[in-house]
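*Asks:* sequence first, predicted coordinates after that:
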Amino acid sequence: MSEIIFEVREDEADGGYAASALGYGIHTQGETLEELRAMVRDAVNCYFDESTERPKIIRLHFVREEVLVA
């Protein structure tokens, strides 16, 4: 496996960020982007143990929702 993609959403109500891996049961969160990046790395390392190959690239895909009122 060469890469894993996380969908990242900002929690506008409470602040912070939540990330979920596409196609894997990996979910984590962080109060800042720096904390989120560290938590994502840690979650990937925990999910892929020594018996399975870890992805070489972790991609963060930021999703932003915007509502316009007509």
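*Replies:* It's in.

*Asks:* name the SS class of residue 23, please.
*Replies:* coil (DSSP: H, G, I helix; E, B strand; the rest coil).

*Asks:* look up the residues forming beta bridges with the residue most central in space within the chain.
*Replies:* By C-alpha atoms, centre = their mean, the chain has its centre lying nearest to residue 19, at 3.1 Å. Listed by DSSP bridges, the beta-bridge partners for residue 19 are residue 8, residue 28.

*Asks:* wait, it sits on residue 5?
*Replies:* No - assessed by C-beta atoms under 8 Å, residue 19 is found out of contact with residue 5, at 10.0 Å. Backbone N, C-alpha and C define where each C-beta goes, glycine included.

*Asks:* follow-up on the earlier one: list the residues that contact the residue nearest to the centre of the chain.
*Replies:* Residue 19 sits next to 6-9, 27-30, 36, 39-40, 60 when contact means C-beta atoms under 8 Å, 6 or more residues apart in numbering.
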